[in-house]
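Visitor: Kindly generate the corresponding structure for this input.
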Amino acid sequence: MPNPFGAPEISVQEVNQRLQNGDEFVWVDVREPHELQVAYIEDKRIVELPMSLLAAQQLDAIPEELADKEAAVIVFCHKGVRSAQVTMWLRQQGWANVLNMEGGIDAWAQEIDESVGMY
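Guide: As a prediction, this is how the structure comes out:
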């Protein structure tokens with residue numbers, strides 16, 4: 001299902017393939033800290049950037065891992081809606097290669113790794 005913000009998307013299968021291929025990208029989790037306790041993907045590429053922090057601090061919240069606006073970036077949240085918003089916002093701020101992970105961590109848990117957990 002397309003997201004309501006028109007953000008370009010990537011499926012969890014495609015993200016998993018990129019991981020298997022060793023592709024370089026920054027994986028941004030925009031969920032809130034309490035959500036990380038319920039479902040979590042173990043990967044050193046993941047940068048935690050809660051949407052509430054981004055909303056409050058705007059560009060000041062951007063971590064150094066996102067300094068390169070040409071780097072490949074994949075954003076995810078619980079179901080793909082908040083991450084679609086952040087994807088579009090980052091693109092508006094000049095990040096060129098940002099994709100929303102369709103279905104969020106729920107889709108990841110259903111289709112790739114059920115040990116991640118769902119909520």
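Visitor: Provide the backbone phi and psi angles at Gln44.
Guide: No, residue 44 isn't Gln; it's Lys. phi -70, psi -20 (degrees, to the nearest 10).
Visitor: Any figure for the gap between it and Val26?
Guide: 11 Å (C-beta to C-beta, to the nearest Å). The way it works is simple: take the backbone N, C-alpha and C, and place the C-beta from them, glycine included.
Visitor: The most centrally placed residue in the chain sits in which helix or strand?
Guide: Geometric centre of the chain, nearest residue: Val75, 1.8 Å, by C-alpha atoms, centre = their mean. Element membership of Val75 [criterion: DSSP states H and E] is strand 73-76.
Visitor: Which residues does that strand contact?
Guide: The list of residues contacting strand 73-76 from outside it, by C-beta atoms under 8 Å, 6 or more residues apart in numbering, reads 10, 15, 18, 25-31, 66, 83, 86-87, 90, 95, 97-101, 104-105, 108.
Visitor: could you redo the last one with a cut-off of 7 Å?
Guide: For strand 73-76, contacts defined as C-beta atoms under 7 Å, 6 or more residues apart in numbering pick out 10, 15, 25-30, 66, 83, 86-87, 90, 95, 97-101, 104-105.
Visitor: Tell me which of Lys44 and Val26 has more neighbours.
Guide: Val26 (21 against 6; other C-beta atoms under 10 Å).
Visitor: in the helix or strand Val86 falls within, what counts as buried?
Guide: Assessed by DSSP H and E, Val86 sits inside helix 81-92. The neighbour-count check on helix 81-92 (16 or more other C-beta atoms under 10 Å) flags Arg82, Ser83, Ala84, Gln85, Val86, Thr87, Met88, Trp89, Leu90, Arg91 as buried.
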